[in-house]
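Engineer: what shape does this take:
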Amino acid sequence: MNPTLGELLERIRELEAQIDGELRRRRAELQADFEHRRVRFEAAVLERQRRFRIGALRYILDAELRHLAAAPVSYLVFFPIALLDLAVTLYQHVCFPLFGIGRVRRGDFFAFDRMHLGYLNVIEKVNCAYCSYANGVAGYVREVVGRTEQYWCPIKHSRHIVQAHAYYHGFVDFGDAQAYRDELARLRTALAAMARDRPPPAAD
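Structural biologist: As a prediction, this is how the structure comes out:
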């Protein structure tokens with residue numbers, strides 16, 4: 001990898017660590033504790049949250065018509081998302097061992113913690129769970145496909161890619177035939193060396 005690019009990626013990882021620290025500080029201010037991956041609020045905090053909750057019936061009656069009209073289509077998308085989740089899970093469990101790639105831990109990409117918020121009604125909690133699931137699947141699929149791309153075609157594109165996956169910047173440059181032949185085996189070996197319990201790499 002280009003040394004300058006490596007330095008920039010390291011700076012990005014440092015900034016992400018600072019962001020995580022700030023988010024932890026903010027959660028502490030809001031008195032949100034975590035116990036075995038479960039969120040726990042102090043009783044007084046939870047009671048203050050509940051004062052902002054809108055009942056489910058009122059929530060529906062006050063909803064804008066455009067939101068009600070969009071709801072059936074929005075929820076129909078769940079089925080292709082779930083099918084994609086199933087297909088990618090089957091793919092990596094069958095193919096990754098054959099390729100020598102460490103499997104992606106699916107659970108690392110899903111967080112269903114908003115149900116503990118006292119200011120959300122049951123409809124809002126379902127909506128939040130749906131969004132969490134869809135975004136989790138997107139992140140999970142991105143990681144599986146990113147590892148697959150590193151194994152089969154680790155070549156950068158000729159143009160800028162918006163929000164390329166975390167492995168992309170380690171790929172060889174577009175048009176550099178010698179680097180591709182020289183680096184392919186190393187990039188595959190790097191995937192094989194990844195421990196199954198290693199967290200996903202920092203995104204750019």
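Engineer: mind checking the longest helix of the protein?
Structural biologist: Taking DSSP state H as the assignment, the helix of the chain that covers the most residues is helix 122-152.
Engineer: buried sites along the helix or strand just after it?
Structural biologist: Note on helix 122-152: by DSSP states H and E, the next helix or strand toward the C-terminus is helix 177-193. Buried positions in helix 177-193, judged by neighbour count with 16 or more other Cβ atoms under 10 Å: 180, 183, 184, 187, 188, 191. For glycine as for every other residue, the C-beta is placed from the backbone atoms N, C-alpha and C.
Engineer: the first one against residue 172, yeah?
Structural biologist: The one in question is residue 180. Yes: applying Cβ atoms under 8 Å, one finds residue 180 in contact with residue 172, separated by 5.0 Å.
Engineer: need the overlap of contacts for the two.
Structural biologist: Residues touching both residue 180 and residue 172 (Cβ atoms under 8 Å, 6 or more residues apart in numbering): 154, 155.
Engineer: export stretch 151-158 as PDB, just CAs?
Structural biologist: Provided in PDB are the C-alpha atoms of stretch 151-158 (Å, rounded to 0.1, in the frame of the first residue of the first chain):
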ATOM      1  CA  TYR A 151     -10.100 -12.500  -2.800                       C
ATOM      2  CA  TRP A 152     -11.200 -12.400  -6.400                       C
ATOM      3  CA  CYS A 153     -10.600  -9.000  -7.800                       C
ATOM      4  CA  PRO A 154      -8.700  -6.600  -5.500                       C
ATOM      5  CA  ILE A 155      -8.200  -3.900  -8.200                       C
ATOM      6  CA  LYS A 156      -9.200  -0.300  -7.600                       C
ATOM      7  CA  HIS A 157     -11.600   1.300 -10.100                       C
ATOM      8  CA  SER A 158     -10.500   4.000 -12.600                       C
END
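Engineer: now that stretch: buried residues?
Structural biologist: Buried, per 16+ other Cβ under 10 Å, within stretch 151-158: 151, 154, 155, 156.
Engineer: adding distance to residue 79 and pLDDT, write these out as JSON lines.
Structural biologist: Converted to JSON lines, those look like this (distance: Cβ to Cβ, whole Å; pLDDT from 0 to 100):
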{"residue": "151", "distance to residue 79": "30", "pLDDT": "95"}
{"residue": "154", "distance to residue 79": "33", "pLDDT": "95"}
{"residue": "155", "distance to residue 79": "34", "pLDDT": "94"}
{"residue": "156", "distance to residue 79": "35", "pLDDT": "93"}
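Engineer: done for today, thanks.
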